[in-house]
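Participant: sequence plus the predicted model coming up.
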Amino acid sequence: MKKNEAMKKLEEKIKTCKKCPLGELRTNAVLGSGSYDAKIMFVGEAPGYWEDQKGLPFVGRAGKVLDELLASIGLKREDVYITNVVKCRPPNNRDPTEEEINACSPYLDKQIDIIRPRIIVPLGRHSMAYILKKFGFEPEPISKIHGKVFEARTLFGKIIIVPMYHPAVALYKPQLREELEKDFKKLKNLLENLS
Ligand code: URA
């Protein structure tokens, strides 16, 4: 099946998904956006207010920070793929629960299978924990692990994982923006050196 057909099918599924209680609360489920041929996939945590309203990931204040970070290494949204671990908004933007992550993560697994990115960037600790465990690594505090490079083998080849702070951190802890900028520079190098 072609990538866009597979993604359409997935989108139809999440629109009517009721695998967890968030399915009753959402305005829109948010599958993802960007290029299906992207080499880099960013994985956030869950939609917030604006994402739920618009059905698109990272379109609020954290999304503006993400756009700036992408621009700092010469990338646009269309060059990458952006999604979340959980596809529906948790009430009051609370953290997603383990049950919600367990119910929703097969959609992310499928997206990874369709896009086959060379690099995955989990944004924030919940995403970091899910992605690292999925590829056989032990999660650690994000303060310790951000910017670290992990390499895993998949059925479709080698994958690089670089966990990062969630872009929203730059809004409430501006001193961490520098860390995000450094990690994005590392990402640029990794991208340039992909074989
Ligand atoms: N925060 C996230 O983790 N994801 C979004 O899509 C928006 C904000």
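Facilitator: Arrived safely.
Participant: I'd say residue 80 and residue 43 touch.
Facilitator: No: if you go by Cβ atoms under 8 Å, residue 80 and residue 43 don't touch, sitting 11.1 Å apart. Where C-beta positions appear, they are placed from N, C-alpha and C, glycine not excepted.
Participant: which one's more surrounded, the two?
Facilitator: For residue 80 against residue 43, the residue with the higher neighbour count under other Cβ atoms under 10 Å is residue 43, and the figures read 27 against 22.
Participant: and the helices in the chain?
Facilitator: With DSSP state H applied, the chain shows helices at 3-15, 22-25, 49-54, 61-72, 98-115, 125-134, 142-145, 169-172, 177-192, listed in chain order.
Participant: if we go by neighbour counts, what in the second one is buried?
Facilitator: This points to helix 22-25. Applying a neighbour-count criterion of 16 or more other Cβ atoms under 10 Å, the buried positions in helix 22-25 are 22-23.
Participant: need the helices of the chain in TSV (columns: mean pLDDT and distance to residue 38).
Facilitator: As requested, the helices of the chain are arranged in TSV below (pLDDT from 0 to 100; distance: least, Cβ to Cβ, whole Å):
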stretch	mean pLDDT	distance to residue 38
helix 3-15	97	11
helix 22-25	97	26
helix 49-54	98	19
helix 61-72	98	12
helix 98-115	98	6
helix 125-134	98	16
helix 142-145	97	23
helix 169-172	96	23
helix 177-192	98	11
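Participant: the ligand contacts on the chain?
Facilitator: 44-48, 51, 57-58, 60, 62, 84 (Cβ under 6 Å from any ligand atom).
Participant: quick one: closest of the helices of the chain to residue 153.
Facilitator: With Cβ to Cβ as the criterion, residue 153 lies closest to helix 125-134 of the helices of the chain, at 12.7 Å.
Participant: contacting residues around that closest one?
Facilitator: If you take Cβ atoms under 8 Å, 6 or more residues apart in numbering as the criterion, helix 125-134 is touched by 43-45, 84-85, 95-96, 101, 105, 108-109, 120, 122, 138-139, 141-142, 145, 150, 161, 163, 166.
Participant: CA atoms of that helix as PDB?
Facilitator: These are the backbone C-alpha positions of helix 125-134, laid out as PDB (Å, rounded to 0.1, in the frame of the first residue of the first chain):
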ATOM      1  CA  ARG A 125       9.800  12.700  28.900                       C
ATOM      2  CA  HIS A 126       6.700  10.700  28.100                       C
ATOM      3  CA  SER A 127       7.600  10.500  24.400                       C
ATOM      4  CA  MET A 128      11.200   9.800  25.300                       C
ATOM      5  CA  ALA A 129      10.100   6.900  27.700                       C
ATOM      6  CA  TYR A 130       7.800   5.400  25.100                       C
ATOM      7  CA  ILE A 131      10.300   5.500  22.200                       C
ATOM      8  CA  LEU A 132      13.300   4.400  24.100                       C
ATOM      9  CA  LYS A 133      11.400   1.400  25.600                       C
ATOM     10  CA  LYS A 134      10.000   0.500  22.200                       C
END
